[in-house]
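> Kindly return the folded structure for what I paste below:
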Amino acid sequence: MRKVAIIFPKDSEALFNKDSNRTFGGASVQMYLIAKEMKTYKNLEVFSFIPDYKKIKFDDYKRFNIIKTFREKDSIFKKAYIIKKKINEIKPDVIIQHGLTPFSGILAKYCTKKRIKFIFMFASDKEVEGKYQSNGKKDYFFKILLKNAVLISQNNSQKEYILKEYNASSIIIYNGFPVNKKPKNKYNVLWVSRCDKLKNPELFLDLAKYFKNKSFVMICPESSDKEFFYNIREKVSHIKNLKFISFVKFNDINKYFINSRIFVNTSDYEGFPQTFIQATMNGTPIISLNVNPNNFLDKYKCGFCANGDLELMKKQISKLLGDRKLWAEMSNNAYKYAKENHDLKKNVNILLIIIKK
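Residues are numbered from 1 along each chain as shown. Presented below is the predicted three-dimensional model:
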(Lines give C-alpha, C1' and ligand atoms only; values in the text may rest on other atoms or scores of the structure.)
Protein backbone atom coordinates (compact mmCIF):
# COMPACT_ATOMS: atom_id res chain seq x y z
CA MET A 1 0.00 0.00 0.00
CA ARG A 2 1.33 3.41 -0.99
CA LYS A 3 1.10 6.39 1.34
CA VAL A 4 0.12 9.70 -0.27
CA ALA A 5 0.31 13.01 1.59
CA ILE A 6 -1.61 15.94 0.13
CA ILE A 7 -0.53 19.38 1.32
CA PHE A 8 -3.42 21.83 1.38
CA PRO A 9 -3.02 25.59 0.81
CA LYS A 10 -3.32 27.89 3.83
CA ASP A 11 -6.71 29.23 2.65
CA SER A 12 -8.48 25.87 2.97
CA GLU A 13 -10.23 26.42 6.31
CA ALA A 14 -13.76 26.80 4.90
CA LEU A 15 -13.50 23.34 3.30
CA PHE A 16 -12.84 21.68 6.65
CA ASN A 17 -15.07 23.86 8.81
CA LYS A 18 -18.50 24.59 7.38
CA ASP A 19 -18.97 27.37 9.94
CA SER A 20 -16.02 29.28 8.47
CA ASN A 21 -16.56 32.15 6.04
CA ARG A 22 -12.93 32.49 4.98
CA THR A 23 -12.16 32.78 1.29
CA PHE A 24 -10.85 29.63 -0.39
CA GLY A 25 -9.27 29.15 -3.79
CA GLY A 26 -9.44 26.70 -6.67
CA ALA A 27 -6.27 24.90 -5.60
CA SER A 28 -7.85 24.08 -2.24
CA VAL A 29 -10.99 22.75 -3.92
CA GLN A 30 -8.97 20.61 -6.31
CA MET A 31 -6.90 19.06 -3.52
CA TYR A 32 -10.08 18.39 -1.54
CA LEU A 33 -11.70 16.55 -4.46
CA ILE A 34 -8.55 14.58 -5.25
CA ALA A 35 -8.05 13.53 -1.62
CA LYS A 36 -11.70 12.49 -1.33
CA GLU A 37 -11.56 10.46 -4.56
CA MET A 38 -8.21 8.81 -3.74
CA LYS A 39 -9.61 7.64 -0.40
CA THR A 40 -11.85 5.23 -2.36
CA TYR A 41 -8.82 3.29 -3.65
CA LYS A 42 -7.89 0.35 -1.43
CA ASN A 43 -4.21 0.37 -2.45
CA LEU A 44 -3.72 3.95 -1.21
CA GLU A 45 -3.46 5.45 2.26
CA VAL A 46 -4.19 9.15 1.86
CA PHE A 47 -3.25 11.84 4.39
CA SER A 48 -4.43 15.46 4.20
CA PHE A 49 -1.92 17.92 5.66
CA ILE A 50 -3.80 21.05 6.72
CA PRO A 51 -2.93 24.03 8.95
CA ASP A 52 -3.83 23.63 12.61
CA TYR A 53 -7.30 25.16 12.38
CA LYS A 54 -9.09 25.47 15.72
CA LYS A 55 -12.25 23.75 14.49
CA ILE A 56 -12.78 20.83 12.11
CA LYS A 57 -16.40 20.31 11.10
CA PHE A 58 -17.38 19.13 7.63
CA ASP A 59 -19.67 16.53 6.05
CA ASP A 60 -16.97 14.35 4.48
CA TYR A 61 -14.95 13.93 7.67
CA LYS A 62 -14.94 10.11 7.49
CA ARG A 63 -13.45 10.22 3.99
CA PHE A 64 -10.36 12.15 5.11
CA ASN A 65 -7.33 11.34 7.21
CA ILE A 66 -6.59 14.79 8.64
CA ILE A 67 -3.07 15.66 9.79
CA LYS A 68 -2.86 19.05 11.49
CA THR A 69 0.44 20.81 10.93
CA PHE A 70 1.51 24.35 11.86
CA ARG A 71 -0.52 27.30 13.06
CA GLU A 72 -0.87 30.06 10.52
CA LYS A 73 0.87 32.58 12.79
CA ASP A 74 3.92 30.37 13.36
CA SER A 75 7.28 31.58 12.08
CA ILE A 76 8.52 30.23 8.76
CA PHE A 77 11.16 28.20 10.62
CA LYS A 78 8.61 26.60 12.91
CA LYS A 79 6.37 25.79 9.96
CA ALA A 80 9.26 24.09 8.18
CA TYR A 81 10.16 22.13 11.32
CA ILE A 82 6.59 20.89 11.83
CA ILE A 83 6.12 19.86 8.19
CA LYS A 84 9.42 17.97 8.31
CA LYS A 85 8.37 16.28 11.57
CA LYS A 86 4.99 15.17 10.16
CA ILE A 87 6.63 13.80 7.02
CA ASN A 88 9.10 11.78 9.09
CA GLU A 89 6.28 10.43 11.27
CA ILE A 90 4.05 9.31 8.40
CA LYS A 91 6.80 8.40 5.91
CA PRO A 92 4.74 8.96 2.75
CA ASP A 93 5.81 7.50 -0.60
CA VAL A 94 4.35 10.48 -2.45
CA ILE A 95 3.63 14.13 -1.58
CA ILE A 96 1.32 16.29 -3.70
CA GLN A 97 1.18 20.08 -3.58
CA HIS A 98 -0.95 22.44 -5.68
CA GLY A 99 0.20 26.06 -5.85
CA LEU A 100 3.60 27.71 -5.43
CA THR A 101 4.75 28.65 -1.92
CA PRO A 102 8.12 29.63 -0.39
CA PHE A 103 8.31 26.01 0.85
CA SER A 104 7.83 24.31 -2.53
CA GLY A 105 11.42 24.19 -3.75
CA ILE A 106 12.87 23.29 -0.35
CA LEU A 107 10.23 20.61 0.17
CA ALA A 108 10.92 19.13 -3.28
CA LYS A 109 14.65 18.92 -2.48
CA TYR A 110 13.95 17.32 0.89
CA CYS A 111 11.70 14.75 -0.78
CA THR A 112 14.48 13.86 -3.22
CA LYS A 113 16.83 13.34 -0.29
CA LYS A 114 14.27 11.10 1.44
CA ARG A 115 13.37 9.27 -1.79
CA ILE A 116 9.82 10.57 -1.68
CA LYS A 117 8.13 11.36 -5.01
CA PHE A 118 7.09 15.01 -5.00
CA ILE A 119 4.28 15.98 -7.39
CA PHE A 120 3.81 19.70 -7.91
CA MET A 121 0.73 21.10 -9.64
CA PHE A 122 0.86 24.64 -11.04
CA ALA A 123 -2.15 26.76 -10.02
CA SER A 124 -1.84 29.61 -12.55
CA ASP A 125 0.08 30.91 -15.55
CA LYS A 126 1.93 33.30 -13.24
CA GLU A 127 3.46 30.40 -11.32
CA VAL A 128 5.18 28.88 -14.36
CA GLU A 129 7.19 32.12 -14.47
CA GLY A 130 8.43 31.29 -10.97
CA LYS A 131 6.26 33.95 -9.33
CA TYR A 132 3.74 33.72 -6.52
CA GLN A 133 0.14 34.11 -7.66
CA SER A 134 -0.79 36.26 -4.66
CA ASN A 135 1.76 39.04 -5.07
CA GLY A 136 3.78 38.38 -8.23
CA LYS A 137 7.07 38.15 -6.31
CA LYS A 138 9.82 35.86 -7.56
CA ASP A 139 10.36 32.49 -5.88
CA TYR A 140 14.10 32.10 -5.28
CA PHE A 141 13.86 28.31 -4.98
CA PHE A 142 11.91 27.83 -8.22
CA LYS A 143 14.71 26.14 -10.18
CA ILE A 144 15.24 23.73 -7.29
CA LEU A 145 11.55 22.85 -7.51
CA LEU A 146 11.77 22.20 -11.26
CA LYS A 147 14.70 19.81 -10.80
CA ASN A 148 13.18 17.83 -7.92
CA ALA A 149 9.49 17.47 -8.72
CA VAL A 150 7.14 15.76 -11.12
CA LEU A 151 5.51 18.85 -12.66
CA ILE A 152 1.82 19.03 -13.55
CA SER A 153 0.66 21.77 -15.94
CA GLN A 154 -2.92 22.98 -16.40
CA ASN A 155 -2.72 23.75 -20.11
CA ASN A 156 -0.53 23.61 -23.22
CA SER A 157 0.86 27.14 -22.83
CA GLN A 158 2.17 26.32 -19.34
CA LYS A 159 3.78 23.11 -20.58
CA GLU A 160 5.42 24.89 -23.53
CA TYR A 161 6.63 27.82 -21.40
CA ILE A 162 8.34 25.58 -18.83
CA LEU A 163 10.01 23.58 -21.57
CA LYS A 164 11.19 26.66 -23.49
CA GLU A 165 12.35 28.77 -20.54
CA TYR A 166 13.70 26.10 -18.19
CA ASN A 167 14.07 22.97 -20.34
CA ALA A 168 11.80 21.21 -17.84
CA SER A 169 9.15 18.69 -18.84
CA SER A 170 5.66 18.53 -17.36
CA ILE A 171 2.48 16.49 -17.68
CA ILE A 172 -0.86 18.12 -18.42
CA ILE A 173 -3.68 17.10 -16.10
CA TYR A 174 -6.81 19.20 -16.24
CA ASN A 175 -8.57 20.00 -12.97
CA GLY A 176 -11.47 17.64 -12.38
CA PHE A 177 -14.94 17.55 -10.87
CA PRO A 178 -17.62 14.89 -10.47
CA VAL A 179 -19.69 15.39 -13.64
CA ASN A 180 -23.40 14.59 -13.37
CA LYS A 181 -26.39 15.12 -15.67
CA LYS A 182 -26.69 18.52 -17.32
CA PRO A 183 -29.29 20.73 -15.54
CA LYS A 184 -31.91 22.93 -17.17
CA ASN A 185 -33.84 26.15 -16.36
CA LYS A 186 -31.02 28.70 -16.51
CA TYR A 187 -31.41 32.48 -16.30
CA ASN A 188 -28.58 34.36 -14.53
CA VAL A 189 -25.36 35.89 -15.85
CA LEU A 190 -22.75 34.75 -13.32
CA TRP A 191 -19.30 35.95 -12.20
CA VAL A 192 -17.30 34.11 -9.52
CA SER A 193 -13.85 35.07 -8.28
CA ARG A 194 -11.86 36.63 -5.49
CA CYS A 195 -11.91 40.41 -5.35
CA ASP A 196 -8.43 40.87 -6.82
CA LYS A 197 -7.54 43.66 -9.23
CA LEU A 198 -6.26 41.17 -11.81
CA LYS A 199 -9.78 39.65 -11.89
CA ASN A 200 -11.25 43.03 -12.96
CA PRO A 201 -14.55 42.76 -11.04
CA GLU A 202 -15.40 46.37 -11.94
CA LEU A 203 -15.83 45.28 -15.57
CA PHE A 204 -18.60 42.91 -14.56
CA LEU A 205 -20.34 45.86 -12.90
CA ASP A 206 -20.13 47.71 -16.22
CA LEU A 207 -21.70 44.73 -17.98
CA ALA A 208 -24.55 44.59 -15.46
CA LYS A 209 -25.25 48.29 -15.98
CA TYR A 210 -25.19 47.80 -19.75
CA PHE A 211 -27.65 44.86 -19.67
CA LYS A 212 -30.16 46.48 -17.31
CA ASN A 213 -32.96 44.03 -18.04
CA LYS A 214 -30.92 40.89 -17.30
CA SER A 215 -30.29 39.21 -13.97
CA PHE A 216 -26.63 39.32 -12.87
CA VAL A 217 -25.09 37.45 -9.93
CA MET A 218 -21.64 38.23 -8.55
CA ILE A 219 -19.92 35.96 -6.03
CA CYS A 220 -16.93 37.99 -4.90
CA PRO A 221 -15.11 37.04 -1.66
CA GLU A 222 -12.70 39.65 -0.36
CA SER A 223 -8.96 39.24 -0.85
CA SER A 224 -6.03 40.83 1.00
CA ASP A 225 -6.88 44.19 -0.62
CA LYS A 226 -9.82 45.01 1.63
CA GLU A 227 -10.10 48.62 0.44
CA PHE A 228 -10.61 47.43 -3.13
CA PHE A 229 -13.27 44.96 -1.96
CA TYR A 230 -15.20 47.62 -0.03
CA ASN A 231 -15.03 49.92 -3.05
CA ILE A 232 -16.52 47.24 -5.32
CA ARG A 233 -19.21 46.39 -2.79
CA GLU A 234 -20.21 50.04 -2.49
CA LYS A 235 -20.53 50.38 -6.29
CA VAL A 236 -22.68 47.25 -6.47
CA SER A 237 -25.26 48.80 -4.12
CA HIS A 238 -26.30 51.16 -6.92
CA ILE A 239 -26.90 48.43 -9.53
CA LYS A 240 -30.44 47.09 -9.15
CA ASN A 241 -30.16 44.06 -11.45
CA LEU A 242 -26.97 42.76 -9.79
CA LYS A 243 -27.05 40.45 -6.77
CA PHE A 244 -23.77 40.64 -4.84
CA ILE A 245 -22.67 37.73 -2.62
CA SER A 246 -19.46 38.06 -0.64
CA PHE A 247 -19.12 34.39 0.31
CA VAL A 248 -20.65 31.04 -0.64
CA LYS A 249 -19.81 27.77 1.10
CA PHE A 250 -18.10 25.09 -0.96
CA ASN A 251 -21.07 22.71 -0.85
CA ASP A 252 -23.46 25.46 -2.04
CA ILE A 253 -21.52 27.00 -4.92
CA ASN A 254 -22.70 24.57 -7.59
CA LYS A 255 -26.32 25.70 -7.44
CA TYR A 256 -25.30 29.10 -8.78
CA PHE A 257 -23.72 27.49 -11.83
CA ILE A 258 -26.82 25.32 -12.25
CA ASN A 259 -29.03 28.42 -12.42
CA SER A 260 -26.77 30.47 -14.70
CA ARG A 261 -27.28 30.89 -18.41
CA ILE A 262 -23.83 32.39 -19.01
CA PHE A 263 -20.63 32.45 -17.00
CA VAL A 264 -18.46 35.55 -17.41
CA ASN A 265 -14.72 35.81 -16.72
CA THR A 266 -12.97 39.21 -16.78
CA SER A 267 -9.52 38.22 -15.48
CA ASP A 268 -6.27 39.42 -17.03
CA TYR A 269 -4.89 35.87 -16.83
CA GLU A 270 -5.53 32.50 -15.17
CA GLY A 271 -4.26 28.93 -15.47
CA PHE A 272 -7.28 26.77 -16.13
CA PRO A 273 -9.92 28.36 -13.88
CA GLN A 274 -11.82 26.02 -11.60
CA THR A 275 -14.89 28.08 -12.41
CA PHE A 276 -14.58 27.22 -16.11
CA ILE A 277 -14.90 23.55 -15.21
CA GLN A 278 -17.85 24.18 -12.90
CA ALA A 279 -19.54 26.14 -15.69
CA THR A 280 -18.99 23.54 -18.41
CA MET A 281 -20.00 20.59 -16.22
CA ASN A 282 -23.34 22.34 -15.74
CA GLY A 283 -23.75 23.15 -19.43
CA THR A 284 -23.16 26.87 -18.89
CA PRO A 285 -21.44 28.58 -21.86
CA ILE A 286 -18.50 30.86 -21.02
CA ILE A 287 -17.76 34.36 -22.24
CA SER A 288 -14.24 35.38 -21.31
CA LEU A 289 -12.50 38.71 -21.75
CA ASN A 290 -8.94 37.31 -21.97
CA VAL A 291 -8.65 33.76 -20.66
CA ASN A 292 -8.99 30.91 -23.15
CA PRO A 293 -6.64 28.05 -22.15
CA ASN A 294 -5.73 25.76 -25.04
CA ASN A 295 -8.16 27.85 -27.12
CA PHE A 296 -10.85 25.47 -25.87
CA LEU A 297 -13.75 27.95 -26.07
CA ASP A 298 -13.29 28.11 -29.84
CA LYS A 299 -12.15 24.53 -30.37
CA TYR A 300 -15.12 23.00 -28.55
CA LYS A 301 -17.56 25.83 -29.37
CA CYS A 302 -18.65 26.18 -25.77
CA GLY A 303 -18.28 29.96 -25.47
CA PHE A 304 -16.52 33.08 -26.71
CA CYS A 305 -13.27 34.88 -25.93
CA ALA A 306 -13.22 38.64 -26.56
CA ASN A 307 -9.40 38.87 -26.62
CA GLY A 308 -9.41 41.90 -24.33
CA ASP A 309 -12.14 43.81 -26.20
CA LEU A 310 -14.92 44.77 -23.76
CA GLU A 311 -17.20 46.08 -26.52
CA LEU A 312 -16.88 42.77 -28.36
CA MET A 313 -17.65 41.00 -25.09
CA LYS A 314 -20.92 42.94 -24.82
CA LYS A 315 -21.87 41.85 -28.35
CA GLN A 316 -21.04 38.23 -27.53
CA ILE A 317 -23.20 38.30 -24.39
CA SER A 318 -26.06 39.90 -26.30
CA LYS A 319 -25.80 37.30 -29.06
CA LEU A 320 -25.73 34.34 -26.68
CA LEU A 321 -28.62 35.64 -24.57
CA GLY A 322 -30.72 36.36 -27.64
CA ASP A 323 -30.09 33.27 -29.77
CA ARG A 324 -31.72 30.22 -28.13
CA LYS A 325 -30.45 27.80 -30.76
CA LEU A 326 -26.85 28.98 -30.39
CA TRP A 327 -27.11 28.87 -26.60
CA ALA A 328 -28.45 25.30 -26.65
CA GLU A 329 -25.63 24.21 -28.96
CA MET A 330 -22.94 25.80 -26.81
CA SER A 331 -24.54 24.46 -23.62
CA ASN A 332 -24.43 20.90 -24.96
CA ASN A 333 -20.87 21.38 -26.20
CA ALA A 334 -19.77 22.70 -22.80
CA TYR A 335 -21.20 19.69 -20.97
CA LYS A 336 -19.68 17.27 -23.47
CA TYR A 337 -16.30 18.98 -23.12
CA ALA A 338 -16.39 18.70 -19.30
CA LYS A 339 -17.38 15.04 -19.48
CA GLU A 340 -14.51 14.23 -21.83
CA ASN A 341 -11.76 16.31 -20.21
CA HIS A 342 -12.55 17.10 -16.58
CA ASP A 343 -14.18 14.04 -15.10
CA LEU A 344 -12.55 13.68 -11.68
CA LYS A 345 -12.18 9.89 -11.84
CA LYS A 346 -10.33 10.02 -15.17
CA ASN A 347 -7.92 12.68 -13.93
CA VAL A 348 -7.20 10.90 -10.65
CA ASN A 349 -6.41 7.77 -12.64
CA ILE A 350 -3.71 9.73 -14.49
CA LEU A 351 -2.27 10.80 -11.12
CA LEU A 352 -2.30 7.18 -9.97
CA ILE A 353 -0.18 6.16 -12.97
CA ILE A 354 2.37 8.82 -11.96
CA ILE A 355 2.26 7.68 -8.33
CA LYS A 356 2.93 4.04 -9.24
CA LYS A 357 5.93 4.76 -11.50
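> ok, residue 289 - contacts?
Residue 289 makes contact with 200, 203, 265, 266, 267, 305, 306, 308, 310, 313, according to CB atoms under 8 Å, 6 or more residues apart in numbering. Bear in mind the C-beta positions are built from the backbone N, C-alpha and C, glycine included.
> Can you show me the strands along the stretch 51-200 of the chain?
66-68, 94-98, 117-121, 150-153, 171-172, 188-192 (DSSP state E, counting those that start in this stretch).
> ok, the second one: who's next to it in the sheet?
By that I understand strand 94-98. strand 2-7 (parallel), strand 117-121 (parallel) (DSSP bridges).
> can you redo those as a markdown table with distance to residue 24, mean pLDDT and mean neighbour count?
Below are the strands paired with strand 94-98 laid out as a markdown table (distance: least, CB to CB, whole Å; pLDDT from 0 to 100; neighbours: other CB atoms under 10 Å):
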| stretch | distance to residue 24 | mean pLDDT | mean neighbour count |
| --- | --- | --- | --- |
| strand 2-7 | 15 | 96 | 22 |
| strand 117-121 | 16 | 97 | 23 |
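> okay, those strands in CSV with distance to residue 277 next?
Listed next are the strands paired with strand 94-98 as CSV, based on distance: least, CB to CB, whole Å:
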stretch, distance to residue 277
strand 2-7, 19
strand 117-121, 14
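> Need the residues that contact stretch 235-242.
Defining contact as CB under 8 Å, 6+ apart, one finds that stretch 235-242 is touched by 202, 205, 208-209, 211-218, 244.
> got the end-to-end distance for that stretch?
11 Å (CA to CA, to the nearest Å).
> List the residues that contact residue 313.
Neighbouring residues of residue 313 by CB under 8 Å, 6+ apart: 207, 287, 289, 304, 306.
> Identify the farthest-apart pair in the residues you listed.
Within those, 207 and 304 form the most distant pair, 13.4 Å apart (CB to CB).
> How far away from the center of its chain is stretch 321-328?
Its chain's C-alpha centre and that of stretch 321-328 lie 28 Å apart, by CA atoms, centre = their mean, to the nearest Å.
> mind listing what's buried in that stretch?
321, 327 (16 or more other CB atoms under 10 Å).
> avg pLDDT for that stretch?
Average pLDDT, stretch 321-328: 95.
> likewise stretch 282-297?
So the average pLDDT for stretch 282-297 ends up being 95.
> Could you list the residues in contact with the longest helix seen in the chain?
Of all the elements of type helix in the chain, the one with the most residues (DSSP state H) is helix 324-341. Residues outside helix 324-341 that contact it (CB under 8 Å, 6+ apart) are 174, 177, 179, 182, 186, 261, 277, 279-286, 296, 300-303, 319-321.
> Pull out the buried members of those residues.
Counted by 16+ other CB under 10 Å, the contacts of helix 324-341 give 174, 177, 179, 182, 186, 261, 277, 279-286, 296, 300-303, 320-321 as buried.
> can you pull out the helices in the stretch 201-350 of the chain?
201-210, 226-236, 254-258, 274-281, 296-299, 310-322, 324-341, 344-356 (DSSP state H, counting those that start in this stretch).
> So which of those is the most surrounded?
Counting by mean count of other CB atoms under 10 Å, helix 274-281 has the highest mean neighbour count of those, with a mean of 26.
> relative orientation of it and helix 344-356 in degrees?
Angle of helix 274-281 versus helix 344-356, following axes from the mean of the first three to the mean of the last three CA atoms, to 10 degrees, is 130 degrees.
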